[in-house]
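J.: Need coordinates for the below:
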Amino acid sequence: MATNKNITYINKDFNELRANLINYARTYFPTTYNDFSPSSPGMMFMEMAAYVGDVLSFYVDNQVQENYLQFARQTNNLYELAYMFGYKPNVTGVAASTIDFYQQVPAKSSGGEQVPDYDYALYIPQNSVVSTNAVSPISFLVQDDIDFSVSSSSDPTEISVYQVSGNSPQLFLLKKSRKAISATINTTTFSFGSPTEFATVEINANRIIGILDIIDSNGNVWYEVDYLAQENVYDSIRNTNPNDPNNSSNSGDVPYLLKLKKVQRRFTTRFLNQTTLQLQFGAGNVNDNDEEIIPNPDNVGLGLLFERNKLNTAYDPTNFMFTKTYGIAPSNTTLTVRYLTGGGVTANVPANSISSFSGNPTFKVVGLTTSTANAALTSLAINNPEASDGGNDGDTVEDIRQNTVANFSTQLRNVTANDYLVRSLSMPSKYGNIAKAFVEPVKLQNTGPGEIPNILDLYILTYNINKNLTTTTTTLKQNLTTYLSQHRIVGDSIRVKDAFIINIGVNFDIIVLPNYNINEILSKCLLSLQNYFAIDKWQINQPIIFRDIYALLDRIEGVQTVKNIEITNKVGTALGYSEFAYDTKGATINGVLYPSLDPMVFEVKYPNTDIQGRSVSF
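T.: Model (predicted):
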């Protein structure tokens, strides 16, 4: 008759499994087998079973761990978990820069005075490339076209006299400014035969920013959406009277109209890892009826179960007809995909370093004088008056964890001040990256009479080419403002400002234990402090706690005691530091160096020279 056997399920490592097997054999098979010496055949099988159990236990534990965002260690799993919670990781951050374009045009007589002859004004198409003059040039992409013959309040053309003969101008200098991002256009193709539901393709490259455009063999444009059920996309249309009869004749104030457009050909993208971008298409085909239906009260809810419509159904504005094809699948065609790569900290180039142009400028007027036209072409010059900023190396593992957790809690809505903070840090990389951000309600003393203090002040900073903190350009602020406007509550107002940068130095005195090399111990202390004050680890309005620094140095082998630690202020633009001074001694209370009331961040700008230590005696 079978008997109930006492089996333990909590033993998981090799030794416990082996001991449990031996005990099981002794208990239930005392006369069948009793040779438990290490060299016996029975022990060989028991240890093999324990080995298999240990390995299986390890992989089960590992698989369970990888299912949790806060414990996952494999990058691929972190990316998948991030997308599951609605966060899109950034594998690179592009730098943004404002580029000034100059060209000369001849003068002509009009109304008794000399004016620029705009027949010789150049037209530069969008996606033209500018780059630095260096052994390894860094390319920037000018996203908008440039027409020197057009001037408006939103896109002014600055005019100045370049050359005078007698009392009359002979040449005029035209100037326009455009935003450029550190990116390079790459092209690849994918061929498709019979339609496949939810077909996927992959692009493998370093520092992928995103998809620029996709066009198939028949000239059809494919649109990127957040998810395949999204049928409507925003479409930019140049602002002209035929497109909008209600628009005034002056279209320069609003160059483009923003329209909603329902599209069949759509795709989504997701990063599988730092070098692989996956594209996924829909499941339908061009003959599917539900791709062509115009919404009306008779057909809304076609995809609902049991009934064609329901009064208690939560309708999705992006897919309110409940169609099931999620866009069409490419078939019997070749897709030409243009995607952008670039970015990184090295893309934060200094001012006056972008001067090379690679493009195809043209004239809108035909029949021009050849010599004059050539002179206008050769006169084209470019320059970046300010350093580019915003470039970084993408999300770290910890960035993905923190941004994902915060992103999921708001579900893309900005409700609290911290929601705006996370949304700012997760702005798509092609618009630039924010290195540090801090948000707080507007101070009462900064509100005007009768104003309701429902304004949030968002303080930001970015990196330069050396990964030092710097203030952001107007272009990056405008990008951030536009981005936040899509997620803010109607009653909220956001003001984007620059935080203050306070550069500091660290001096320390230690006593080294006997029989230890003083220089070696000092080097270890310097490396520890350089790592402690690495700018990635410091946030706006974070205080410096001296106790933590003392404990850090005390833990280094060979340090007997820490005699003194001093934080000094490094100031002066002539020396490469911030222009803002700070009383570090006066702001230190009970061993804590506090930040100012105005949002600021402490930065050791030159850690190799600004952190100094010495060995002293008792």
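J.: pLDDT below threshold where in the stretch 101-250 of the chain?
T.: 153-154, 234-250 (pLDDT under 70).
J.: ok, now with 90
T.: 110-113, 126, 133-136, 143-145, 149-157, 165-167, 195-197, 225-250 (pLDDT under 90).
J.: where do the strands sit along it?
T.: 113-116, 122-124, 128-132, 139-142, 146-147, 158-165, 168-181, 184-192, 200-204, 208-215, 221-224, 232-238 (DSSP state E, counting those that start in this stretch).
J.: Identify whichever of these lies nearest to Leu380.
T.: strand 122-124 (6.4 Å; Cβ to Cβ). C-beta: built from backbone N, CA, C; applies to glycine.
J.: returning to what we had before: which among the strands of the stretch 101-250 of the chain is found nearest to Ala375?
T.: Nearest to Ala375, of the strands of the stretch 101-250 of the chain and by Cβ to Cβ, is strand 168-181 at 8.8 Å.
J.: Give the pairing partners of that closest one; include direction for each.
T.: strand 96-110 (antiparallel), strand 139-142 (antiparallel), strand 158-165 (antiparallel) (DSSP bridges).
J.: Distance from the shortest one to the middle of the chain?
T.: Same thing as strand 139-142. Chain-centre distance of strand 139-142: 17 Å, with Cα atoms, centre = their mean, to the nearest Å.
J.: domain assignment for the protein?
T.: 14-65, 96-183+343-383, 185-288+325-341, 397-498, 501-615 (automatic domain parsing).
J.: Just name the shakiest helix or strand of this protein by mean pLDDT.
T.: Ranked by mean pLDDT, DSSP states H and E, the weakest helix or strand in the chain is strand 256-262, scoring a mean of 60.
J.: Let me know the distance separating Ala406 from Val415.
T.: In this view, Ala406 and Val415 are 12 Å apart by Cβ to Cβ, to the nearest Å.
J.: among the domains of the chain, which is nearest Asp389?
T.: domain 397-498 (4.4 Å).
J.: How far off centre is that closest one?
T.: Worked out by Cα atoms, centre = their mean, domain 397-498 lies 13 Å from the chain centre.
J.: roughly how far out does stretch 341-352 sit from the chain middle?
T.: That offset, for stretch 341-352, works out to 14 Å (Cα atoms, centre = their mean).
J.: Kindly format the C-alpha coordinates of that stretch as CSV.
T.: Taking Å, rounded to 0.1, in the frame of the first residue of the first chain, the C-alpha atoms of stretch 341-352 are listed here in CSV:
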residue,chain,number,x,y,z
THR,A,341,21.4,58.5,-36.3
GLY,A,342,23.7,60.7,-34.2
GLY,A,343,23.6,62.6,-31.0
GLY,A,344,25.7,61.9,-27.9
VAL,A,345,27.7,64.2,-25.6
THR,A,346,30.3,64.7,-28.3
ALA,A,347,27.7,66.4,-30.5
ASN,A,348,27.6,69.4,-28.1
VAL,A,349,30.0,71.4,-30.2
PRO,A,350,31.3,74.9,-29.2
ALA,A,351,30.2,78.1,-30.7
ASN,A,352,31.6,79.2,-34.1
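J.: where does the stretch 451-600 of the chain dip in pLDDT?
T.: If you take pLDDT under 90 as the line, the stretch 451-600 of the chain has these spans: 451-457, 462-468, 470-496, 515, 536, 597.
J.: all strands of it, in order?
T.: Using DSSP E, counting those that start in this stretch, strands in the stretch 451-600 of the chain cover 455-463, 469-470, 493-498, 500-512, 544-545, 559-570, 588-589, 592-593, 600-603.
J.: Ok, the stretch 251-400 of the chain next?
T.: Using DSSP E, counting those that start in this stretch, strands in the stretch 251-400 of the chain cover 256-262, 266-273, 276-281, 333-341, 354-358, 362-363, 381-383.
J.: would JSON lines of those strands with mean neighbour count and distance to Leu529 be doable?
T.: As requested, the strands of the stretch 251-400 of the chain are exported to JSON lines (neighbours: other Cβ atoms under 10 Å; distance: least, Cβ to Cβ, whole Å):
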{"stretch": "strand 256-262", "mean neighbour count": "12", "distance to Leu529": "51"}
{"stretch": "strand 266-273", "mean neighbour count": "19", "distance to Leu529": "34"}
{"stretch": "strand 276-281", "mean neighbour count": "20", "distance to Leu529": "38"}
{"stretch": "strand 333-341", "mean neighbour count": "18", "distance to Leu529": "36"}
{"stretch": "strand 354-358", "mean neighbour count": "16", "distance to Leu529": "36"}
{"stretch": "strand 362-363", "mean neighbour count": "14", "distance to Leu529": "57"}
{"stretch": "strand 381-383", "mean neighbour count": "17", "distance to Leu529": "40"}
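J.: And those strands: which comes nearest Phe101?
T.: strand 381-383 (5.5 Å).
J.: Phe172 touches Thr157, doesn't it?
T.: No - assessed by Cβ atoms under 8 Å, Phe172 is found out of contact with Thr157, at 10.3 Å.
J.: Compare neighbour counts for those two and give me the winner.
T.: Phe172 (22 against 19; other Cβ atoms under 10 Å).
J.: who's Tyr463 bridged to?
T.: Leu469.
J.: thought it was touching Asp389?
T.: Yes - with contacts counted by Cβ under 8 Å, Tyr463 reaches Asp389, the gap being 6.7 Å.
J.: Which of those two has more residues huddled nearby?
T.: Legend: neighbour count by other Cβ under 10 Å for Tyr463 and Asp389, higher for Asp389 (28 against 24).
J.: Give the burial count for the closest residue to Gln126 other than its chain neighbours, as a bare number.
T.: In this structure, Gln126 finds its nearest non-sequential neighbour in Asp145, 4.4 Å apart by Cβ to Cβ, 6 or more residues apart in numbering. Number of residues near Asp145 (other Cβ under 10 Å) recorded here: 12.
J.: Asp145 and Phe101 touch, don't they?
T.: No - counting by Cβ under 8 Å, Asp145 sits too far from Phe101 to count as a contact (11.2 Å).
J.: Please identify every residue contacting each of these two.
T.: Ile124 (Cβ atoms under 8 Å, 6 or more residues apart in numbering).
J.: got a list of what Glu579 touches?
T.: 571-573.
J.: ok, it to Ile502 distance?
T.: For Glu579 relative to Ile502 (Cβ to Cβ), the value is 11 Å.
J.: And for Gly53?
T.: Counting by Cβ to Cβ, the gap from Gly53 to Ile502 is 58 Å.
J.: Can you pick out the residue with more neighbours from these two?
T.: Ile502 (23 against 19).
J.: Please report how far the more buried one lies from Gly367.
T.: Ile502 sits 61 Å away from Gly367, taking Cβ to Cβ as the criterion.
J.: ok, the residue nearest to Ile567 when sequence neighbours are not counted - how many residues close by?
T.: Spatial nearest neighbour of Ile567, excluding adjacent residues (Cβ to Cβ, 6+ apart): Thr584 at 4.9 Å. Neighbour count for Thr584, taken as other Cβ under 10 Å: 19.
J.: Is Thr584 in contact with Lys570, as I believe?
T.: No - counting by Cβ under 8 Å, Thr584 does not reach Lys570; the two are 9.9 Å apart.
J.: helices or strands next to the longest helix along the chain in the packing?
T.: Ranked by residue count and defined by DSSP state H, the top helix of the chain is helix 41-65. Judged by 3 or more Cβ pairs under 8 Å, 6 or more residues apart in numbering; DSSP states H and E, helix 41-65 is in contact with helix 14-28.
J.: Neighbours of Thr370, how many?
T.: Thr370 - counted by other Cβ under 10 Å - has 7 other residues nearby.
J.: quick one: contacts for Ile400?
T.: Contacts of Ile400 (Cβ under 8 Å, 6+ apart): 78-79, 82, 87, 89.
J.: Would you mind checking those for buried ones?
T.: 78-79, 82, 87, 89 (16 or more other Cβ atoms under 10 Å).
J.: what pairs with Ile181 across the strands?
T.: Beta-bridge partners of Ile181, as defined by DSSP bridges: Ala96, Leu141.
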